[in-house]
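Participant: Sharing a model prediction with you, sequence too.
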Amino acid sequence: MLTTTGAAALPGESRLVSLDNAGIRRDGRWLVRGVDFSIRRGEVVTLIGPNGAGKSTTAKVAIGVLRPDEGTVTRMHGLRIGYVPQKLAIDWTMPLSVRRLMRLTGSLDDAELRAALEATGIPHLVDAEVRHLSGGEFQRALLARAIARKPDLMVLDEPVQGVDFAGESALYDLIRSIRNSTGCGILMISHDLHMVMAGTDTVICLNGHICCRGTPEVVGQSADYLKLFGGNSRSLAVYSHHHDHTHLPDGRVLHGDGSITDHCHPGDGHHHENEDHSSHDHQLHHNSTHSHLAPATGREDDRV
Ligand SMILES: Nc1ncnc2c1ncn2[C@@H]1O[C@H](COP(=O)(O)OP(=O)(O)OP(=O)(O)O)[C@@H](O)[C@H]1O
């Protein structure tokens, strides 16, 4: 049933890929070992960890580019994957337009091609030479290429490298909106802790093995995470929402006045006067991510 080559079907559930005790060994050393996690439809899983921690290696194991030397990997039968690698082997001396880049590994009609480029904000670059693109434009083109495949699973290895600050936020918003509209799963690798963690369901902290995992808030407070990210983590402040309401397991909201509604929003009559809706505590009774990491300076505008 289980396979390392992706031929198996996962039994009747939404798991797209599962790693079970997976390890990769090269030149007599384990690059990663004992890695186990799965990604479900609609879930965003982010791998974080220092340079050389094995994040790209783990992503390659998940998509089947690398076969694990121990453990197993199971992928949903017929899984379509959109992969944005960290590095791409391109012969930069050869002329290659964005249009051709998009079609290198699969056919795409004009409408699909244009829609994908529009989604990443670069439709005007369809005939541009890839070697002339800026770093950020190139990342957008790669993301467009991944989206155009209408994947079940997107694997994004540092998807915003070279993208400017405003563009970064827009690209993360885009990634989230793709997840919301298509229900695909996303495996993301990033060093960009505050941005990514805010939009992530599960964070996995990797350093040759899984050091800790959980919701961004749980990971952000774990000793392993703080040890790994030492100085960096000091510039991050976990902020949680303090609301006078509780999220019930079925998604409805139990208000302080005892009433239950489907949603809550400021001014709906269930909240204290003068409450700052964005900066108070949220008591969560379900698995969704409502606690966020933000820089100490507090960029709260682009949180989920
Ligand atoms: N084919 C290989 N043979 C030997 N060592 C390798 C091979 N591929 C990767 N490594 C080593 O494995 C370790 C993990 O590499 P990997 O690229 O997975 O790390 P990473 O966490 O993605 O790092 P970064 O944040 O720097 O991108 C590194 O020490 C790397 O040098």
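Facilitator: Great, that's in hand. Numbering: from 1, shown residues only.
Participant: which bits of the chain sit near the ligand?
Facilitator: Within the chain, the positions lying close to the ligand (C-beta under 6 Å from any ligand atom) are 26-27, 31, 49, 51-57, 86. The way it works is simple: take the backbone N, C-alpha and C, and place the C-beta from them, glycine included.
Participant: Can you show me the helices along the stretch 151-300 of the chain?
Facilitator: Remark: helices assigned in the stretch 151-300 of the chain by DSSP state H, counting those that start in this stretch are 165-182, 193-198, 216-221, 223-234.
Participant: Throw those helices into JSON lines and include mean pLDDT, mean neighbour count and distance to residue 39, thanks.
Facilitator: Output for those, formatted as JSON lines (pLDDT from 0 to 100; neighbours: other C-beta atoms under 10 Å; distance: least, C-beta to C-beta, whole Å):
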{"stretch": "helix 165-182", "mean pLDDT": "83", "mean neighbour count": "16", "distance to residue 39": "11"}
{"stretch": "helix 193-198", "mean pLDDT": "68", "mean neighbour count": "22", "distance to residue 39": "15"}
{"stretch": "helix 216-221", "mean pLDDT": "81", "mean neighbour count": "21", "distance to residue 39": "16"}
{"stretch": "helix 223-234", "mean pLDDT": "67", "mean neighbour count": "14", "distance to residue 39": "20"}
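Participant: export those to a markdown table and tack on distance to residue 42?
Facilitator: Output for the helices of the stretch 151-300 of the chain, formatted as a markdown table (distance: least, C-beta to C-beta, whole Å):
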| stretch | distance to residue 42 |
| --- | --- |
| helix 165-182 | 6 |
| helix 193-198 | 17 |
| helix 216-221 | 17 |
| helix 223-234 | 25 |
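Participant: can you tell me which of these comes nearest to residue 145?
Facilitator: Among the helices of the stretch 151-300 of the chain, the nearest to residue 145 by C-beta to C-beta is helix 165-182 (13.1 Å).
Participant: Quick one: list the elements packing against that closest one.
Facilitator: strand 44-48, helix 135-148, strand 153-157, strand 185-189, helix 193-198 (3 or more C-beta pairs under 8 Å, 6 or more residues apart in numbering; DSSP states H and E).
Participant: Show the pLDDT at the closest residue to residue 41 other than its chain neighbours.
Facilitator: Nearest residue to residue 41, sequence neighbours excluded (C-beta to C-beta, 6 or more residues apart in numbering): residue 14, at 4.3 Å. Reported pLDDT at residue 14 in the predicted model: 81.
Participant: what sits against residue 14?
Facilitator: Shown in contact with residue 14 (C-beta atoms under 8 Å, 6 or more residues apart in numbering): 40-42.
Participant: how many other residues sit next to residue 140?
Facilitator: By other C-beta atoms under 10 Å, 27 other residues sit near residue 140.
Participant: ok, and the most crowded of the residues of the chain next to the ligand?
Facilitator: residue 55 (26 neighbours).
Participant: Relative to residue 156, how far out is that one?
Facilitator: 11 Å (C-beta to C-beta, to the nearest Å).
Participant: Next, show the common contact partners of those two.
Facilitator: In contact with both residue 55 and residue 156: residue 189, using C-beta under 8 Å, 6+ apart.
Participant: What count of nearby residues applies to residue 111?
Facilitator: Residues lying near residue 111 (other C-beta under 10 Å) number 8.
Participant: hang on, residue 69 packs against residue 28?
Facilitator: No: counting by C-beta atoms under 8 Å, residue 69 does not reach residue 28; the two are 11.5 Å apart.
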